[in-house]
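**Q** following is a predicted model, sequence given first.
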Amino acid sequence: KAGVTQTPRYLIKTRGQQVTLSCSPISGHRSVSWYQQTPGQGLQFLFEYFSETQRNKGNFPGRFSGRQFSNSRSEMNVSTLELGDSALYLCASSLRDSSYEQYFGPGTRLTVT
Amino acid sequence: AQSVTQLDSHVSVSEGTPVLLRCNYSSSYSPSLFWYVQHPNKGLQLLLKYTSAATLVKGINGFEAEFKKSETSFHLTKPSAHMSDAAEYFCVVSDLSSASKIIFGSGTRLSIRP
């Protein structure tokens, strides 16, 4: 079975721009969660989608948004980028929800200049 | 509110000696607990999980963890460290009844000395 894939793997953007990251879960997994990983804040939960509905949301500003499509693929969007948004963004898929084991993708490294 | 504390930011052991990575949690209800490992420039991989079944949980690569409710701990152990175990380890608590839902510990970097 193919693992979780994330595209692109690396991204450089300028302050004020917006960015869209993509995540394809493991086949059959209906839950997709997004995390931000930075040296200072560690791993922080952004949001979780299940069957195209946002089920849970972390404590991030509204500039961070996401969606899930009928094939369970998910996208995350960040608008009006700030320098502090530079991070590794990880996507994880799970069979049902985050109380089950999650399978992580390799991440997208976003650098904001 | 739930929380998770990894008591050591860095642990260094010699190859062949035991590994102990400590994790304490706080949760209002019965949480699910996980340990994940992250090798450099890689995503996270599940080592093991506790979901209110047996308190001693065996995972991959010889790791195991014991859930101790009285001590609110979920420490990760391995009898004999291998060079390939060098990585960052994260303790995670998931409690869907909590507003926080899922919390990652700050991580413990494990170094293995030859």
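**A** Received, thanks. Numbers count the residues shown, from 1 in each chain, chains lettered A, B, ... in the order given.
**Q** now do the closest residue to residue A:28 other than its chain neighbours, the pLDDT please.
**A** Ranked by CB to CB, 6 or more residues apart in numbering or on different chains and with sequence neighbours excluded, the top spatial neighbour of residue A:28 is residue A:95, at 7.1 Å. No exception for glycine: its C-beta is placed from N, CA and C like everyone else's. Note on residue A:95: pLDDT of 86.
**Q** with residue A:91 instead?
**A** Predicted confidence (pLDDT) for residue A:91: 95.
**Q** please apply the same query to residue B:97.
**A** 64.
**Q** returning to that earlier point: ok, the residue nearest to residue A:28 to residue A:31 distance?
**A** Per CB to CB, to the nearest Å, residue A:95 is found 7 Å from residue A:31.
**Q** these two - which one has more neighbours?
**A** residue A:31 (24 against 14; other CB atoms under 10 Å in any protein chain shown).
**Q** got a pLDDT number for residue A:41?
**A** pLDDT for residue A:41: 88.
**Q** check contacts around residue A:47.
**A** Shown in contact with residue A:47 (CB atoms under 8 Å, 6 or more residues apart in numbering or on different chains): A:33, A:34, A:54, A:56, A:57, A:58, A:60, A:64, A:66.
**Q** flag every residue of chain B that's near chain A.
**A** Counting by CB under 8 Å from any CB of the partner chain, chain B comes close to chain A at B:32, B:34, B:36, B:42-46, B:49, B:51, B:90, B:94, B:96, B:100-107.
**Q** ok, 10 Å please
**A** B:6, B:31-32, B:34, B:36, B:38, B:41-49, B:51, B:88, B:90, B:92, B:94-97, B:99-107 (CB under 10 Å from any CB of the partner chain).
**Q** got a PyMOL select line for the buried ones in these?
**A** Applying 16 or more other CB atoms under 10 Å in any protein chain shown to these, the buried members can be selected in PyMOL as follows:
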select buried, chain B and resi 6+31+32+34+36+38+43+44+46+47+48+49+51+88+90+92+94+95+96+100+101+102+103+104+105+107
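**Q** so which of the residues of chain B next to chain A belong to strands?
**A** B:6, B:32, B:34, B:36, B:38, B:44-49, B:88, B:90, B:92, B:94-95, B:101-104 (DSSP state E).
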